[in-house]
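Student: fold the following for me, if possible:
(chains A and B)
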Amino acid sequence: MPSTEEMVRAIRAGETSAFAELVRCYQRAAIITAYSVLLDFHLAQDAVQEAFVAAYQRLDQLRDAASFGPWLLRIVRRRALRLRRGRNAEHIVVGNFDRAESQACDWIESYEQVVQHIARLPEHERIVVTMRYLDGRSVREIADLTGRPAGTVTKQLSRAIERLQDWLVEVQ
Amino acid sequence: MKSPTDIEKLLEHFRNAWPDHASLVDRVMWEVNTTPTRLAVFSTKRILIRSIFALTASLVVCITLWWAFDGNHNSLYAQVIDAARKARTIHIVRYGLVGKEAPPTKTTETWYEKGVGFRRDVCAGPPKGHRSATLCLGRGDDVWTLDKERKNTVIHSQRGITKETEQIFADFDRSAKELRNNSRRYPDGDQTFDGQRCKAYVRSNLNLSKSGTWRELFYLDQQSRLVRFVRQSREGDRWNTTQFNTIAYDEPFDSALFQPNFGKDFKIVDADADAKFGKPERVNPEGPVLIYEIDERSRSADTATVDLDRLLRAVDGRLNGGSHRLAAIRRLDDRRIEVAMLHRSDAERKRVERQLTRPGTLEFRLLANHRTDASLINLAQKEPSKAVIRGPAGKRLAWWVPVKISETKSFVRPDVVRRTRKQGNRDILEVLVVADPYNINGNFLSEVKLHFDPFRELGVSFKLNEAGGKLFNKLTGDHLPNNSIGLYYKLGIIIDGELYSAPSIQSKIGNTGEITGSFTEIEASDLVAVLNAGNLLSQLRLVEEHQ
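Tutor: Here you go, the predicted model:
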């Protein structure tokens, strides 16, 4: 699988289709980031769509191609905040994730909390967590994608789990 | 307590519950393919634009430098401005002449002493362009303005006297430009003031208009300092003086001049508090409104209003000094403040509480070292129940500091003196730090900001003031590594009583540094806000909450 850096280079060289792969890799991390600000899944999707298009258009401004992920998440957050400022309070629709309750995890009230806590993670940890647990990628694949050693990815994953463990216990 | 496996299982389940969003890739790609992109033309066009911009900027800089240093060098303009800027004190008295025979009347008198203060007395009614203040007094950051409209009221603010001093130098600048551009030497007008022969320069509209003719005379002493300015109008063959200013430099001033002695009859009103915290802000808070009260036990004996103002500023800094605003703050009375949260969010609610309850302290301490602190380590290990190890006179010699939960893995190394303490059902990792004579803490901070390290990980960078910088330099200089015996020291960065990181000291460090650690964006931003805002002076207690 090509790394993020290679995909960014390919897009810069004019290969637009490589961008679709980038969107596939980072969409969940982006949606979680936008959702934590907007609390509405559809609005979050809109913000993410805008952010991806903006990222594509400004790809020439990204100095380090390997840091595409954190860079994208910062754009997503800015777009989401802008969208939140421009919208009326009565349009808030809270809890798109509530419907998807699971009996296996009855100690959690709703997935809403999970999203909020994943969004609190540092950008690099948020990316590896979504890739590992929401996209179902292996550590090796994530390491290839992010261009980091597998050991670093494992460390970031365990740090993120430790944080989530801590935060979710606080909620309980 | 849930195990990591439970968390992993929860995330796996969450994956199945993820709403369908398959169309996102198609939507993005459709937009990307239909929107014209700048990517293809980027390299050449952008480089060209940047080069043109750089060339223009260099040209502008060159012209400005020439204009500033060469164009006016030794000119009349530069001499007049330099004299004013270099003066230790400036005393300007402005006189007006109402009638032909009437003696000149003092209208305003201004004193300025570099680094000390500023005072302007309006003597005969407010001159044009001035507000109705009869006195403006500034010393350091404090400014007192006597308000004629509100009888016996003095408005106090801490905005500093920059505005007033800039006004003085702007007046000099204007006069000097008139001298340079529109005036000519007028030897017949030369006069002697205070025993010094002064050169006269004149600017007039004599040749332009026959009626309403006026002229302005500038007098420069032998050191090219502007010492007098006279404005005259012509009636028939005579020139009548309508206004004149006298300017004296480097006069010694009485120290009482800048003292705010207004007498008992005057009431002092705090303008900053009125402007910033007295009135509700023009925001539409969506979140809950929290009312905090000063905890009486932590409150200082004198309950002066200024203390609450400082507290409000610190609260404002902590809540709104980060990446985005959390709340609108205002004073309710001399004990309570209102925090109106801008957004309805549990995470932000917790963040506000955390920001207002955390101490906001920063310390730099050396970690105990097996080679140099062996006796202290022995003492500490002999008495594991003690958190602090004290000397015979009760002096604190070393103490255990808990490690920030997300950083514990970095400290599980043989060279770090550590222990694990049970707290409830959690294990807390603690490391031993030793007392040092430097006591470098948050009081020495001059600037704190967000920072990205070379690996694009978020951290916090700080700058210490001069005193702090010297201590930091000495601390690091005295604990350089000795490679021949493998001795090196670790400097612990302790925030709110938790160890964040402990880099090894490799060389002398000046007044800047970085705090690394795996920060979330919010953690880093909050930390910056707290360290910049400083202590809250007294503790706050949440007494009321409503939507």
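
Student: thinking B:S525 is in contact with B:L450, fair?
Tutor: Yes. The criterion here is CB atoms under 8 Å, and B:S525 meets it with B:L450 at 6.6 Å. From N, CA and C alone the C-beta is placed, and that goes for glycine too.

Student: the more surrounded of the two?
Tutor: For B:S525 versus B:L450, neighbours defined as other CB atoms under 10 Å in any protein chain shown are more numerous around B:S525 (19 against 16).

Student: which residues touch residue 141?
Tutor: Going with chain A. When contacts are counted by CB atoms under 8 Å, 6 or more residues apart in numbering or on different chains, A:E141 touches A:M1, A:M131.

Student: nope, chain B please
Tutor: If you count contacts by CB under 8 Å, 6+ apart, then B:D141 has B:Q158, B:R159, B:G160 around it.

Student: okay, now the first one: neighbour count?
Tutor: Looking back up the chat, that one is B:Q158. Residues within reach of B:Q158, counting by other CB under 10 Å, total 16.

Student: swap in B:R371?
Tutor: Neighbours of B:R371 using other CB under 10 Å come to 12.

Student: follow-up on the earlier one: now the contacts of B:D141 in TSV, with pLDDT, distance to chain A and secondary structure?
Tutor: Below are the contacts of B:D141 laid out as TSV (pLDDT from 0 to 100; distance: CB to the nearest CB, whole Å; DSSP: H, G, I helix; E, B strand; the rest coil):
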residue	pLDDT	distance to chain A	secondary structure
B:Q158	72	32	coil
B:R159	71	30	coil
B:G160	75	33	coil
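
Student: ramachandran coordinates for B:D427?
Tutor: Backbone torsions of B:D427, given as degrees, to the nearest 10, read phi -100, psi 130.

Student: list the beta-bridge partners for it.
Tutor: B:D427 has these beta-bridge partners by DSSP bridges: B:K422.

Student: distance of it from B:D373?
Tutor: In this view, B:D427 and B:D373 are 24 Å apart by CB to CB, to the nearest Å.

Student: B:L312 now?
Tutor: B:L312 is 44 Å from B:D373, by CB to CB.

Student: same check, this time on B:T213
Tutor: Separation of B:T213 from B:D373 (CB to CB): 87 Å.

Student: the two: who's more crowded?
Tutor: Here B:T213 and B:D373 are compared on neighbour count by other CB under 10 Å; more neighbours surround B:D373, at 20 against 16.

Student: state the pLDDT value of the more buried one.
Tutor: For B:D373, the pLDDT comes out at 86.

Student: now the one 5 residues further on
Tutor: In this model, B:N378 is scored at 85, pLDDT.

Student: just the element for it, please.
Tutor: Assigned by DSSP states H and E, B:N378 belongs to helix B:374-382.

Student: and the host helix or strand of B:L48, average pLDDT?
Tutor: Secondary structure from DSSP H and E places B:L48 in helix B:42-65. Confidence for helix B:42-65, expressed as mean pLDDT, is 83.

Student: just stretch B:398-410 next, same as before
Tutor: Averaging pLDDT along stretch B:398-410 gives 78.

Student: still on that earlier bit, who's in contact with the next helix-or-strand element following the helix holding B:L48?
Tutor: The helix or strand immediately downstream of helix B:42-65 is helix B:76-86, counting by DSSP H and E. Outside helix B:76-86, the residues that touch it by CB under 8 Å, 6+ apart are B:72, B:90, B:168-169, B:172-173, B:175-177, B:179-180, B:201, B:220, B:223-226, B:249.

Student: direction included, what does the helix or strand following helix B:76-86 pair up with?
Tutor: Remark: after helix B:76-86, the chain's next helix or strand is strand B:89-96, criterion DSSP H and E. Each strand that pairs with strand B:89-96, with its direction, by DSSP bridges: strand B:105-113 (antiparallel), strand B:238-249 (antiparallel).

Student: send the alpha carbons of strand B:89-96 over as CSV?
Tutor: What follows is strand B:89-96, C-alpha atoms only, in CSV (Å, rounded to 0.1, in the frame of the first residue of the first chain):
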residue,chain,number,x,y,z
THR,B,89,12.1,65.3,31.0
ILE,B,90,9.9,67.6,28.9
HIS,B,91,7.8,70.4,30.2
ILE,B,92,5.4,72.1,27.8
VAL,B,93,3.3,75.1,28.7
ARG,B,94,0.7,76.4,26.3
TYR,B,95,-0.5,80.0,26.5
GLY,B,96,-3.4,81.6,24.8
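
Student: mind listing what's buried in that strand?
Tutor: B:I90, B:H91, B:I92, B:V93, B:R94, B:Y95, B:G96 (16 or more other CB atoms under 10 Å in any protein chain shown).

Student: one more: stretch B:521-538?
Tutor: Within stretch B:521-538, the residues that count as buried by 16+ other CB under 10 Å are B:521-534, B:536, B:538.

Student: then stretch A:63-75?
Tutor: Quick answer for stretch A:63-75 (16+ other CB under 10 Å): A:A65, A:A66, A:S67, A:F68, A:G69, A:P70, A:W71, A:L72, A:L73, A:I75.

Student: check whether that stretch comes near chain B.
Tutor: Yes. Stretch A:63-75 lies within reach of chain B by CB under 8 Å from any CB of the partner chain, at A:D64, A:S67, A:P70.

Student: related to what we said a few turns ago, the contacts of helix B:76-86 in strands, which ones?
Tutor: B:I90, B:Y201, B:L220, B:L226, B:Y249 (DSSP state E).

Student: residue closest to the middle of chain A?
Tutor: A:A29 (1.1 Å; CA atoms, centre = their mean).

Student: in helices, which of the residues of stretch A:63-75 next to chain B fall?
Tutor: Mapping these onto helices (DSSP state H) picks out A:P70.

Student: closest to A:I161 out of the residues of stretch A:63-75 next to chain B?
Tutor: For the residues of stretch A:63-75 next to chain B, the closest approach to A:I161 (CB to CB) belongs to A:P70, at 19.6 Å.
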